[in-house]
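S.K.: give me coordinates for this.
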Amino acid sequence: MMNKVALIVGASGITGSNLAESLISEGWETYGLARNPNTENKELKPIAADLLDPEGLRSALAAIRPTHVYITTWMRNETEAENIRVNGLMVRNILNVLSDKKSVEHVALVTGLKHYLGPFEAYAVEGFLPETPLREEHPRLDLENFYYAQEDEVFAAAERDGFTWSIHRPHTVIGKAVGNAMNLGTTLAVYASICKETGRKFIWPGSSAQWNGLSDVTDARVLAGHLIWASTTAAARNQAFNVVNGDVFRWSRLWNRIAAYFGVEPVGFSGEIQPLEDEMANDAAVWRQIAQKHGLKEAEILRLASAWHTDLDLGRPIEVMTDMSKSRKMGFKVFQDTEDTFYDLFEQLRTSGLIP
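M.R.: Model (predicted):
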């Protein structure tokens, strides 16, 4: 990887931190940009900057000439219109600042399945259900969607500056990170740990369709490999890709398996959705007590658990599967067993002192 310099935008998140580990292990010079950079990886070169502050960005990146830019971050706002404005601006600012350097060869943007399912306000609602498995050829929805705004910023900058691009659409990303806004795996680990400590039952929070239907997820390590593959493979240039583990599962089985792992009593779909956000509404104090009892590193539950996002994923009125044929045909052959994805995460969280 001589002369390959990676800039990860959002290096503290699930995707960014795992990507950093993969790039560094392959010999890349790797910089990680975030408002509060992750300093756990001592080989990652941290850059503290705010994507909404162009002059601050310009100053922070003054001495850096990246060849590959990986945009793995977003900011949640009150409305989709504001999501579009803010998240589009974040992508525009970073690419504008890098434009004068003439060093960027490839930009990879991570979005997700909301590309097909719609924004949070219209998230796979009844009467608006896409065909599954979800395929890259599906047209954009006739709805406001900040993913489209992010893509358009990348496309416009690529045309202006002459770099190649790739768009990566994972399903729910499972991996270790603290302070992440969308963290289903860690959320379930925290919930199960609370159930274990308090004697509560491990209650399925989602829909019948998700409980009984087929689903898939994306291991953060698979996504990291996919990002590197697409950004260094000629055939993958200027393409959008789905990326998942490669297997499918039913939550009706996996829920019971996760419960067995933590030694708690599972409760399946009971006939109606029972939101996890409601179930965990009063657990902040409980988690602080658990953290103190076990000497955990993070006592604030909202730094680990994002029940609102887990409810969105598990409450969908359809099963959601993702077609990976496009990547497979182009040579990306990585496969990951999903149960192992969850167990690996739980072991990482335990070893890191984040769950008891």
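
S.K.: going by C-alpha atoms from here, please, whenever you check contacts or count neighbours.
M.R.: Will do.

S.K.: what ranges do the strands span in the stretch 151-300 of the chain?
M.R.: Here the stretch 151-300 of the chain has its strands, by DSSP state E, counting those that start in this stretch, at 164-170, 173-174, 202-203, 214-215, 218-219, 239-243, 249-250, 266-267.

S.K.: against which helices or strands is the biggest helix by length in the chain packed?
M.R.: Longest helix in the chain, counting residues (DSSP state H): helix 80-99. Applying 3 or more C-alpha pairs under 8 Å, 6 or more residues apart in numbering; DSSP states H and E, we find helix 80-99 packed against helix 54-60, helix 146-161.

S.K.: can you list these in CSV and add distance to residue 115?
M.R.: Formatted as CSV, those follow (distance: least, C-alpha to C-alpha, whole Å):
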stretch, distance to residue 115
helix 54-60, 27
helix 146-161, 6
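
S.K.: could you export those to JSON lines, including columns for mean neighbour count?
M.R.: Below are these laid out as JSON lines (neighbours: other C-alpha atoms under 10 Å):
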{"stretch": "helix 54-60", "mean neighbour count": "16"}
{"stretch": "helix 146-161", "mean neighbour count": "18"}
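
S.K.: looking at the ones you listed, which is nearest to residue 114?
M.R.: Nearest of the helices and strands packed on helix 80-99 to residue 114, taken as C-alpha to C-alpha: helix 146-161 at 7.7 Å.

S.K.: and for that closest one, what's in contact with it?
M.R.: 80-81, 83-85, 87-88, 91-92, 95-96, 99, 102, 107, 109, 111-112, 114-115, 119, 140, 164-165, 167 (C-alpha atoms under 8 Å, 6 or more residues apart in numbering).

S.K.: what angle separates it from helix 80-99?
M.R.: 20 degrees (axes from the mean of the first three to the mean of the last three C-alpha atoms, to 10 degrees).

S.K.: which residues touch the residue positioned nearest the centre of the chain?
M.R.: Closest to where the C-alpha atoms of the chain average out (C-alpha atoms, centre = their mean) is residue 173, at 4.3 Å. Contacts for residue 173 (C-alpha under 8 Å, 6+ apart) come out as 14, 15, 183, 184, 217, 218, 219, 220.

S.K.: any of the contacts of helix 146-161 buried? List them.
M.R.: 80, 83-84, 87-88, 91-92, 95-96, 99, 107, 109, 111-112, 114-115, 119, 164-165, 167 (16 or more other C-alpha atoms under 10 Å).

S.K.: low-confidence ranges in the chain?
M.R.: Scanning the chain for pLDDT under 70 picks out 1-2, 120-128.

S.K.: what about the helices in it?
M.R.: 14-25, 54-60, 80-99, 114-117, 146-161, 184-198, 208-212, 220-232, 251-262, 276-279, 284-294, 307-314, 325-330, 338-351.

S.K.: can you say which of the helices and strands packed on helix 80-99 is nearest to residue 39?
M.R.: Closest of the helices and strands packed on helix 80-99 to residue 39 is helix 54-60, at 16.5 Å (criterion: C-alpha to C-alpha).

S.K.: show me what that closest one is packed against.
M.R.: helix 80-99.

S.K.: burial check on residue 62, number of neighbours?
M.R.: 12 (other C-alpha atoms under 10 Å).

S.K.: to clarify, my last question referred to residue 277.
M.R.: Neighbour tally, residue 277, other C-alpha under 10 Å: 17.

S.K.: ok, the residue nearest to it when sequence neighbours are not counted to residue 203 distance?
M.R.: Spatial nearest neighbour of residue 277, chain neighbours left out: residue 307 (4.9 Å); criterion: C-alpha to C-alpha, 6 or more residues apart in numbering. Look at residue 307 and residue 203: by C-alpha to C-alpha, to the nearest Å, they are 13 Å apart.

S.K.: who are the contact partners of residue 49?
M.R.: Contacts of residue 49 by C-alpha under 8 Å, 6+ apart are 33, 34, 35, 36, 56, 57, 60.
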